[in-house]
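Asks: output the structure for:
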Amino acid sequence: RVRCYYHTPEGKKSSSWREAQVLELNVMPSNGVKVLFGFGEEDIAKTEKAERQVVPQSWIFSDVRDQEVVAALREVGILEEQQAFWASILPRSEMRAVVHLTAC
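Replies: Sure, this is the predicted structure:
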């Protein structure tokens, strides 16, 4: 799961974020990220449907606590553009464990 801004009905960037699941990276023509807003039956019932959107990579963000994780992943060769994918398939505990890796 990631925190992400979304397209409003007017086609503009939202002023608030929602949680989303990353479905696909580097979606052309804009090199965006395809995300799914709404998780499980509860969220789908609240929003009436799950919604897929392609958003710019810059609209996906993490909180300050995750900055160490971002830096550690970059150090092991996982660039920021690829990190959303890894965050979508790995548990948060494993993402945070990379901070404690040491060089061989």
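Asks: show me what the strand ranked longest in the chain is packed up against.
Replies: Longest strand in the chain, counting residues (DSSP state E): strand 18-27. Counting contacts by 3 or more C-beta pairs under 8 Å, 6 or more residues apart in numbering; DSSP states H and E, strand 18-27 is packed against strand 2-4, strand 32-37, helix 80-89. The C-beta positions use only the backbone N, C-alpha and C, and glycine is treated the same way.
Asks: I'd like those laid out as JSON lines, including mean pLDDT.
Replies: Below are the helices and strands packed on strand 18-27 laid out as JSON lines (pLDDT from 0 to 100):
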{"stretch": "strand 2-4", "mean pLDDT": "82"}
{"stretch": "strand 32-37", "mean pLDDT": "88"}
{"stretch": "helix 80-89", "mean pLDDT": "75"}
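Asks: wait, which of these is closest to M95?
Replies: Nearest to M95, of all these, is helix 80-89, at 5.9 Å by C-beta to C-beta.
Asks: my guess is Q83 meets A71, correct?
Replies: No: Q83 is beyond contact range of A71, at 10.6 Å (criterion: C-beta atoms under 8 Å).
Asks: quick one: which of these two has more around it?
Replies: Set Q83 next to A71 and count neighbours by other C-beta atoms under 10 Å: Q83 wins out with 21 against 12.
Asks: residues contacting the nearest residue to Y5 once chain neighbours are set aside?
Replies: Spatially, and ignoring its direct neighbours in sequence, Y5 is nearest to W59 (4.1 Å; C-beta to C-beta, 6 or more residues apart in numbering). Contact analysis of W59 by C-beta atoms under 8 Å, 6 or more residues apart in numbering lists 4-6, 13, 33.
Asks: for ChimeraX, what selects the buried ones among those residues?
Replies: To isolate the buried members of those in ChimeraX, using 16 or more other C-beta atoms under 10 Å:
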select :4,5,6,33
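Asks: make sure S16 is indeed in a strand.
Replies: No: checked against DSSP: H, G, I helix; E, B strand; the rest coil, S16 lies outside a strand; its state is coil.
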